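J.: my questions are about this predicted structure, shown below with the sequence.
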Amino acid sequence: MNRRYLAPIAALFFALSPCAVRAAAPLACDFAAPGENVRLARVNDRLDMVLADGRMIYFPSVEPPRATPAAPDRPQKVAAELTSLLADKNLALQKLGGADRWGRIPALLFVEGEAESVDEILASAGLVMASGDSAACGKPALAAEASARGEKLGIWADPDLAILLADDGRNFAGRAGTLALVEGRVASFGHTAPRLYLNFGSGRGGFSLTIAKRNLPLFERAGLGEKNLLHRSIRARGVVEIGAAPQIELFHPDQIEFIEDRN
């Protein structure tokens with residue numbers, strides 16, 4: 001059966017969760033806008049934050065922490081770190097959009113006296129991975145993550161969260177339904193009526209990135225058309241799906257970075 005018809009169960013359940021990478025309305029990102037004064041009430045293991053006035057906020061620029069064999073209690077520890085950072089502090093809230101289906105408001109949050117937003121602080125300490133779908137609002141978190149990754153801080157010292165090499169499908173075992181960073185060289189393209197496939201390696205069972213044809217103009221306007229990607233080394237982030245072969249669907253150009261050729 002053609003792999004595009006296979007919907008892996010793990011990825012399906014993940015797609016219904018709040019952290020799934022999916023196309024969304026653009027966020028209204030203005031780092032210079034004045035913030036609303038708020039106080040924290042509590043934080044859960046997914047880093048959803050309930051404010052003293054009852055509203056729930058989240059950071060669209062970062063992913064919730066994930067437990068691994070090396071750190072089975074990581075979600076609880078990161079939630080405790082965030083609670084310690086924010087508890088009893090004067091906080092400035094910048095809303096980035098309307099509430100999602102879970103009633104959570106996407107936001108930036110600043111601790112009084114700190115220049116970096118809280119999501120940047122988390123990413124720079126290696127406590128969380130940057131998201132793949134927050135567009136301009138996520139660029140500071142992406143930069144902070146890159147610094148932490150280079151120094152192997154926090155999660156970047158965990159082998160279960162290492163960057164995956166795209167040229168061997170076996171590297172993706174056990175990663176279905178999880179956000180991952182993948183690096184490799186685009187070897188070829190495949191086309192079906194609904195999708196473009198960016199293929200890595202060779203033979204059946206190899207890893208692919210997929211883009212829905214309706215989203216292609218967005219990538220082409222960002223300089224990520226086929227002629228710009230062929231034989232280029234890239235890093236991509238997104239949710240791993242395992243069917244006949246592993247793949248990640250791309251929804252936004254910010255999920256792709258050009259990198260130096262590793263060969």
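T.: Arrived safely, thanks for sending. Fair warning: this is a prediction, and the values are worked out from it, not measured in the lab.
J.: and the helices in the stretch 1-150 of the chain?
T.: With DSSP state H, counting those that start in this stretch as the criterion, the stretch 1-150 of the chain has helices at 9-15, 74-86, 118-124, 139-150.
J.: check what pLDDT the closest residue to residue 71 other than its chain neighbours gets.
T.: With sequence-adjacent residues excluded and distances taken as C-beta to C-beta, 6 or more residues apart in numbering, residue 71 is closest to residue 158, at 6.2 Å. C-beta: built from backbone N, CA, C; applies to glycine. With respect to pLDDT, residue 158 scores 94.
J.: check the one 5 residues further on too.
T.: At residue 163, the model reports a pLDDT of 93.
J.: name the element the residue lying closest to it once chain neighbours are set aside belongs to?
T.: Once flanking residues are discounted, residue 163 sits nearest to residue 181: 4.6 Å by C-beta to C-beta, 6+ apart. Taking DSSP states H and E as the criterion, residue 181 maps to strand 179-191.
J.: by contact count, what packs against the next helix or strand after that strand?
T.: Using DSSP H and E, the next helix or strand after strand 179-191 towards the C-terminus is strand 195-200. Secondary-structure packing of strand 195-200 (3 or more C-beta pairs under 8 Å, 6 or more residues apart in numbering; DSSP states H and E): strand 179-191, strand 208-212.
J.: quick check: residue 175 touching residue 162?
T.: No: with contact taken as C-beta atoms under 8 Å, residue 175 and residue 162 are classed as non-touching, separated by 10.6 Å.
J.: show me which of those two is the more surrounded one.
T.: Counted by other C-beta atoms under 10 Å, residue 175 and residue 162 do not tie: residue 175 has more neighbours, with 19 against 15.
J.: name the nearest residue to that one, sequence neighbours excluded.
T.: Of all residues not flanking residue 175 in the chain, residue 240 sits nearest, at 4.5 Å (C-beta to C-beta, 6+ apart).
J.: mind checking how far that neighbour is from residue 173?
T.: As judged by C-beta to C-beta, to the nearest Å, residue 240 and residue 173 stand 10 Å apart.
J.: between the two, which one's more packed in?
T.: Neighbour count, other C-beta under 10 Å: between residue 240 and residue 173, residue 240 has more, with 23 against 9.
J.: for the more buried one, which residues count as its bridge partners?
T.: With DSSP bridges as the criterion, residue 240 is bridged to residue 248.
J.: that older thread, please work out which of the helices and strands packed on strand 195-200 is packed deepest.
T.: Comparing the helices and strands packed on strand 195-200 by mean neighbour count (mean count of other C-beta atoms under 10 Å), strand 208-212 ranks first with a mean of 21.
J.: and the contacts of that one?
T.: Here strand 208-212 makes contact (C-beta atoms under 8 Å, 6 or more residues apart in numbering) with 4, 182, 190, 194-200, 219, 236, 238, 245-250.
J.: got a quick PyMOL command for the buried subset of those residues?
T.: Of the contacts of strand 208-212, the buried ones can be selected in PyMOL as follows, counting by 16 or more other C-beta atoms under 10 Å:
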select buried, resi 4+182+195+196+197+198+199+200+219+236+238+245+246+247+248+249+250
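J.: fine by me, we can end here.
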